[in-house]
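K.L.:
quick one: sequence plus predicted model below, questions after.
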Amino acid sequence: MSNDIAYPVFRTPDPALALSVARRLIEFGRCKYSAVSVYADLRSVAEVRRVAKELPEGWFRGQEAYGEFDGVPLEDRPALVVGVQEAGLSVDPAAYEGRLPVECELLDLPVGSIADAFTAAVGPNRGEVN
């Protein structure tokens, strides 16, 4: 079986460049069922809080060590590891220890509905290296 839909991937630390390329790619392959998804790796608690405030409908998921929760029921794992929206994020910085970077994602949205807000929320490349 085959799938006639292609999913281009372009990675860059520059949100403005990413948005420009994404818009060109979307228009090139746009069809009736086109949708967009956005992702970001947030490398500090301050960045997670800032993006969550701007994109409360986003899904935020922190890192976990390999095998850290083997045998632990899903409901007993930290919310940040399972994944939460803004309202479920802890305000305690200690809750993020060992969980950075935190992934933020918004999936299957209408074309043109999120690009500007997401780019503004993520902000410019600050040249941070972790």
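P.N.:
Now that the structure is in, tell me what you want to look at. Residues are numbered from 1 along each chain as shown.
K.L.:
quick check: which element contains the residue nearest the centre of the chain?
P.N.:
The centre of the chain sits closest to residue 104, judged by C-alpha atoms, centre = their mean, with a distance of 2.3 Å. Using DSSP states H and E, residue 104 sits in strand 102-109.
K.L.:
just for this structure, where's the confidence low?
P.N.:
Within the chain, the stretches with pLDDT under 70 are 1-8, 124-130.
K.L.:
returning to that earlier point: my guess is the residue nearest to the centre of the chain contacts residue 56. True?
P.N.:
No. With contact defined as C-beta atoms under 8 Å, residue 104 does not count as touching residue 56 (11.1 Å). No exception for glycine: its C-beta is placed from N, CA and C like everyone else's.
K.L.:
that older thread, and the residue nearest to the centre of the chain, how close does it get to residue 91?
P.N.:
Residue 104 sits 17 Å away from residue 91, going by C-beta to C-beta, to the nearest Å.
K.L.:
repeat that for residue 56.
P.N.:
Using C-beta to C-beta, residue 56 is found at 14 Å from residue 91.
K.L.:
neighbour count: the two, which is higher?
P.N.:
residue 56 (11 against 7; other C-beta atoms under 10 Å).
K.L.:
what's the closest non-adjacent residue to that one?
P.N.:
Ranked by C-beta to C-beta, 6 or more residues apart in numbering and with sequence neighbours excluded, the top spatial neighbour of residue 56 is residue 86, at 3.7 Å.
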